[in-house]
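sequence-free structure coming up:
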């Protein structure tokens with residue numbers, strides 16, 4: 001029984017993992033729309049900057065991005081790193097990384113909308129803003145929801161990368177206990193936590209997909 005005394009602390013680590021996951025999702029989904037807007041804007045300099053940002057986010061490891069966000073302020077500007085900054089660094093790194101992926105998913109969704117629907121909306125007197133919010137955005141969201149689901153499930157597992165900046169999420173706690181007790185039990189328990197969390201996310205997203213699929217336009 002003593003082999004499983006790590007469970008209370010592992011549960012606290014799971015809570016931190018859930019917080020990291022939730023805040024990343026809350027920030028990266030709308031940020032992805034802003035990135036998408038910069039990606040397709042006619043103003044070329046901004047368009048190039050956003051495309052470069054997306055290529056950096058997608059072309060470099062998330063682990064490296066975490067380390068740059070965490071250590072960058074100190075090495076570049078000599079700003080002292082506080083004890084709590086690792087949490088905010090993780091939020092920032094995860095959010096800007098996933099926003100780039102969501103932006104490209106949104107772009108594919110908007111491109112899938114027939115041009116005739118936009119033209120029909122203008123004929124009916126819809127403004128560009130009304131056309132975007134009432135016609136384009138709902139259709140885009142319904143189209144890309146399966147791709148968003150895949151990214152959300154990936155995010156659950158990617159939260160374990162926060163350990164590289166000493167953020168005590170669930171996996172880092174499991175690793176510490178495994179090394180001190182020479183037991184695989186912490187890793188098994190962490191795997192179960194991740195699996196159950198992913199199942200909850202997958203079931204929730206599946207229900208959302210079925211619900212929005214009812215509203216065909």
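Ah, there it is. These numbers were taken from a predicted model, which means no experiment stands behind them.

Pull the contacting residues for the closest residue to residue 117 other than its chain neighbours.
The shortest distance from residue 117 to any non-neighbouring residue, by CB to CB, 6 or more residues apart in numbering, is to residue 135 (6.0 Å). (C-beta placed from N, C-alpha, C; glycine too.) Residue 135 makes contact with 113, 117-118, 121, 126, 217 under the criterion CB atoms under 8 Å, 6 or more residues apart in numbering.

Could you do residue 48 as well?
No contacts exist for residue 48 under CB under 8 Å, 6+ apart.

Okay, it and residue 15: tell me how far apart.
Using CB to CB, to the nearest Å, residue 48 is found at 41 Å from residue 15.

Check residue 62 too.
22 Å.

So the two - more neighbours on which side?
residue 62 (16 against 12; other CB atoms under 10 Å).

so residue 158 is in which element?
Take DSSP states H and E as the rule and residue 158 turns out to sit in helix 137-158.

who touches the next helix or strand after that helix?
Remark: after helix 137-158, the chain's next helix or strand is helix 170-181, criterion DSSP H and E. With contact meaning CB under 8 Å, 6+ apart, helix 170-181 is reached by 3, 6, 9-10, 12-14, 16-17, 159-160, 162-163, 166, 183-187, 189-190, 193-194.

Narrow those to those that are buried.
Among those, those that count as buried by neighbour count (16 or more other CB atoms under 10 Å) are 6, 9-10, 13-14, 16-17, 159-160, 162-163, 185-186, 189-190, 193-194.

So which elements touch the helix holding residue 158?
If you count contacts as 3 or more CB pairs under 8 Å, 6 or more residues apart in numbering; DSSP states H and E, helix 137-158 packs onto helix 7-40, helix 85-111, helix 185-213.

So what touches it?
Contacts for helix 137-158 (CB under 8 Å, 6+ apart): 21, 24-25, 29, 62, 94, 98, 101-102, 105-106, 108-110, 112-113, 117, 194, 197-198, 201-202, 205-206, 208-209, 212-213, 215, 217.

Kindly give a single ChimeraX line that selects the buried subset of the residues you listed.
Provided next is the ChimeraX selection string for whichever of these are buried by 16+ other CB under 10 Å:
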select :21,24,25,29,62,94,98,101,102,105,106,109,110,113,194,197,201,205
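
low pLDDT regions in the protein?
Residue ranges of the chain with pLDDT under 70: 1-3, 214-217.

As a quick check, tell me the outermost residue of it.
residue 123 (37.7 Å; CA atoms, centre = their mean).

how close does that one get to residue 134?
On the measure of CB to CB, residue 123 and residue 134 end up 15 Å apart.

Also residue 187?
49 Å.

And for residue 198?
Counting by CB to CB, the gap from residue 198 to residue 134 is 34 Å.

ok, now residue 179?
From residue 179 to residue 134 the distance is 55 Å (CB to CB).

for residue 37, same thing?
From residue 37 to residue 134 the distance is 18 Å (CB to CB).

Okay then, goodbye and thanks.
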